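> pasted the sequence and its predicted model underneath.
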Amino acid sequence: MQSKNKKAPTAAEKRHIERVKALPCSVCDEAGPSDCHEIKQGQWFTSVALCKSCHQGELMGLHGQRRAWAIRKMDELDALAVTVRRLVA
């Protein structure tokens, strides 16, 4: 759900978001569709493809205890690198 204070994505950003959502998770490689997580709110071109568990999971997720991230020794920039590599391949 879009925050009331955040600008709506442009047409180019919407296309990018859909491409990111089609990717597998950049942390655990679970097949898409994925969530499109913004590293910084409103900056859609630096979004990361994440499955629900790696994104919002209470134990494994970025917005939880980050265990999946710790196991793989990853942070958001590592996941962004995976996402970008998959988009340009």
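Arrived safely, thanks for sending.

> how about residue 49, phi and psi?
With angles defined as degrees, to the nearest 10, residue 49 sits at phi -80, psi 120.

> now residue 50
phi -140, psi 140.

> residue ranges for the helices of this structure, please.
11-21, 52-56, 67-71, 76-88 (DSSP state H).

> to residue 42, which of those helices lies closest?
Comparison of the helices of the chain against residue 42 by Cβ to Cβ identifies helix 11-21 as nearest, at 9.4 Å. From N, CA and C alone the C-beta is placed, and that goes for glycine too.

> that closest one vs helix 76-88, what angle?
When axes from the mean of the first three to the mean of the last three Cα atoms, to 10 degrees is applied, the directions of helix 11-21 and helix 76-88 differ by 100 degrees.

> list the buried residues in helix 11-21.
The neighbour-count check on helix 11-21 (16 or more other Cβ atoms under 10 Å) flags 13, 16, 17, 20 as buried.

> off-centre distance for that helix?
12 Å (Cα atoms, centre = their mean, to the nearest Å).

> list the contacts of that helix.
With contact meaning Cβ atoms under 8 Å, 6 or more residues apart in numbering, helix 11-21 is reached by 9, 32-36, 44-45, 47-49, 83, 87.

> could I get the average pLDDT for that helix?
Mean pLDDT, computed over helix 11-21, is 96.

> need the CA coordinates for that helix. CSV is fine.
Provided in CSV are the C-alpha atoms of helix 11-21 (Å, rounded to 0.1, in the frame of the first residue of the first chain):
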residue,chain,number,x,y,z
ALA,A,11,5.3,5.3,-15.8
ALA,A,12,9.0,4.4,-16.1
GLU,A,13,9.1,3.5,-12.4
LYS,A,14,6.0,1.4,-12.7
ARG,A,15,7.6,-0.6,-15.5
HIS,A,16,10.8,-1.1,-13.4
ILE,A,17,8.7,-2.2,-10.4
GLU,A,18,6.9,-4.8,-12.5
ARG,A,19,10.3,-6.1,-13.8
VAL,A,20,11.6,-6.4,-10.2
LYS,A,21,8.5,-8.1,-9.0
